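1. Predicted model and sequence follow; I will ask about them next.
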Amino acid sequence: MRREWWVVAGVAAVGLWFLISIEPVLMPFFVSMVLAYLGDPLADRLEEVGLSRRLAVSVVFLLLTLIVVLTLLLVVPVLGRQLGQLIESVPAILNWMQGTVVPRVQSLTGMDLSTDIDQMRQAVVDNWKETGTFAATLLTQVSRSGLALVAWIGNLALIPVVTFYLLLDWDVIVGKLRGALPRSWEPAAVRLAGQCDEVLSAFLRGQLIVMLCLGVIYAIGLTLLGVRFGMLIGMLAGLASIVPYLGVIVGISVAGIVAFFQFGDWLSLLGVAAVFGFGQAVESVVLQPKLLGDKIGLHPVAVIFAVLAGGNLFGFTGVLLALPAAAVIMVLLRELNDRYKNSTLYDTRQPRTDDEEST
């Protein structure tokens, strides 16, 4: 291994240590990077139409702001209200399970679940009594840690500012990074960056739009059926669809239980199945081919592992970075695998390429 590779490894290690050290302040910058990455293609297209870069970025920034504001004003209050109603209904659901479901299960299987359900119900009721105390304690802690609250609000206020300037100078930043690469590394680095962009586009652009569309379809369908908490269940199922088939499994299970508990007949379950079946058909026929096509994707297991590992290591910032980091690592691993398969280490009959000889 050449001496330059040791220098690169040392710089990468120092950079990783630095990022870990300043992790508490990185959240607004990473959120802004994601937003700028999502908005840059639209800004480029507006530039091609004839707008200046600043005007194109201003239009994209206004669109992003409008989407966020409308979401906060229209969707969040409804979801919050339905979440509160769902929490209030948990004791009644447990009582129904103890009085209706448990006897049926016991008659069919011989298993006595009454003790477990009763303990679960009692634990929920006991915790309900402590909800007010917990809320008061939480408010006290927030008021005592005024500086932390101010810092949190300041981080939120930084996001639109940083997003605007990143969008404005995105192409300049990319060009400078490319210009700083060693000349012998530039072709391979640009090729790998293109593959990484393809994966990130599939997830951060295509997959997010697919998730949003599925959430809207599920929420509207369940609401039209009259299922309680239909919007909340639908949007959660849409978010869970980042892992293939997880959204429909979670959504149809929760919506089916709520619908059966609400209406008390099996016909409502057919309606719930029809809603999620329609959503899956739209995803397979329209959304996936149009938005994702044959782009490289991440394996569902890799998605689950990346999100859990990122959240455990770096909290909310780690969750934001999980999928982009997993996509980049996947591309690099594929490149290493290709180089290994074409090397004499894998097969002594393989001729060495120019890149291998130079490294």
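-> Done, it's in. Residues are numbered from 1 along each chain as shown.
2. For the stretch 51-200 of the chain, which residues score under the pLDDT cut-off?
-> Along the stretch 51-200 of the chain, segments meeting pLDDT under 70 span 90, 93-94, 96-98, 101-102, 105-106, 108-152.
3. Pull out the buried positions in stretch 301-313.
-> Judged by neighbour count using 16 or more other CB atoms under 10 Å, the buried positions of stretch 301-313 are 302-303, 306-307, 310. Placement of C-beta: from N, CA and C, glycine included.
4. sorry, that was for stretch 45-58
-> For stretch 45-58, the neighbour count (16+ other CB under 10 Å) marks 46, 53, 56-58 as buried.
5. Quick check: of these, which lies closest to residue 327?
-> Minimum distance to residue 327 across these is 25.2 Å, recorded for residue 57 (CB to CB).
6. which residues touch the strand or helix carrying that closest one?
-> Taking DSSP states H and E as the criterion, residue 57 maps to helix 53-70. Here helix 53-70 makes contact (CB atoms under 8 Å, 6 or more residues apart in numbering) with 35, 39, 42-44, 46-47, 51, 160, 163-164, 167-168, 171.
7. Would you mind giving those as JSON lines with distance to residue 279 and secondary structure added?
-> Formatted as JSON lines, the contacts of helix 53-70 follow (distance: CB to CB, whole Å; DSSP: H, G, I helix; E, B strand; the rest coil):
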{"residue": "35", "distance to residue 279": "27", "secondary structure": "helix"}
{"residue": "39", "distance to residue 279": "27", "secondary structure": "helix"}
{"residue": "42", "distance to residue 279": "27", "secondary structure": "helix"}
{"residue": "43", "distance to residue 279": "32", "secondary structure": "helix"}
{"residue": "44", "distance to residue 279": "32", "secondary structure": "helix"}
{"residue": "46", "distance to residue 279": "32", "secondary structure": "helix"}
{"residue": "47", "distance to residue 279": "36", "secondary structure": "helix"}
{"residue": "51", "distance to residue 279": "37", "secondary structure": "coil"}
{"residue": "160", "distance to residue 279": "33", "secondary structure": "helix"}
{"residue": "163", "distance to residue 279": "31", "secondary structure": "helix"}
{"residue": "164", "distance to residue 279": "35", "secondary structure": "helix"}
{"residue": "167", "distance to residue 279": "33", "secondary structure": "helix"}
{"residue": "168", "distance to residue 279": "38", "secondary structure": "helix"}
{"residue": "171", "distance to residue 279": "37", "secondary structure": "helix"}
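8. Switch those over to CSV; also include distance to residue 224.
-> Output for those, formatted as CSV (distance: CB to CB, whole Å):
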residue, distance to residue 224
35, 33
39, 33
42, 32
43, 37
44, 39
46, 37
47, 42
51, 41
160, 36
163, 36
164, 39
167, 38
168, 43
171, 45
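9. ok, of these, which come out buried?
-> 35, 39, 42-43, 46, 160, 163-164, 167-168.
10. okay, among the residues you listed, which ones form the most distant pair?
-> Most distant of the buried ones among the contacts of helix 53-70, by CB to CB, are 46 and 160, 18.9 Å apart.
11. what does the domain assignment say about this protein?
-> 24-180, 184-297 (automatic domain parsing).
12. Please identify the deepest-packed of the ones you listed.
-> Compared across the domains of the chain, domain 184-297 shows the largest average neighbour count, a mean of 18 (mean count of other CB atoms under 10 Å).
13. any idea how far residue 238 is from residue 232?
-> Counting by CB to CB, to the nearest Å, the gap from residue 238 to residue 232 is 11 Å.
14. repeat for residue 342
-> Going from residue 342 to residue 232 by CB to CB gives 51 Å.
15. And for residue 52?
-> Using CB to CB, we find residue 52 at a distance of 43 Å from residue 232.
16. hang on, isn't residue 278 packed against residue 220?
-> No - using CB atoms under 8 Å, residue 278 is not in contact with residue 220, being 10.4 Å away.
17. which residue ranges form the helices in the stretch 101-250 of the chain?
-> In the stretch 101-250 of the chain, the helices defined using DSSP state H, counting those that start in this stretch lie at 102-109, 114-129, 131-144, 146-168, 170-180, 186-200, 208-225, 230-240, 246-263.
18. Give me the most central residue, the protein.
-> By CA atoms, centre = their mean, the chain has its centre lying nearest to residue 242, at 6.7 Å.
19. From what I see, that one and residue 211 are in contact.
-> Yes - counting by CB under 8 Å, residue 242 does reach residue 211; the two are 5.9 Å apart.
20. Which strand or helix spans residue 7?
-> Assigned by DSSP H and E, residue 7 belongs to helix 3-21.
21. Quick one: mean pLDDT over that helix.
-> For helix 3-21, mean pLDDT rounds to 73.
22. How far off centre is it?
-> Relative to its parent chain, helix 3-21 has a centroid offset of 28 Å by CA atoms, centre = their mean, to the nearest Å.
23. please renumber so the chain begins at 9
-> That works, and once the first residue is 9, the last one we named lands at helix 11-29.
24. Contacts only, for the residue nearest to residue 290 when sequence neighbours are not counted.
-> Nearest residue to residue 290, sequence neighbours excluded (CB to CB, 6 or more residues apart in numbering): residue 225, at 6.3 Å. Applying CB under 8 Å, 6+ apart to residue 225 gives the contacts 242, 246, 283, 286-287, 290.
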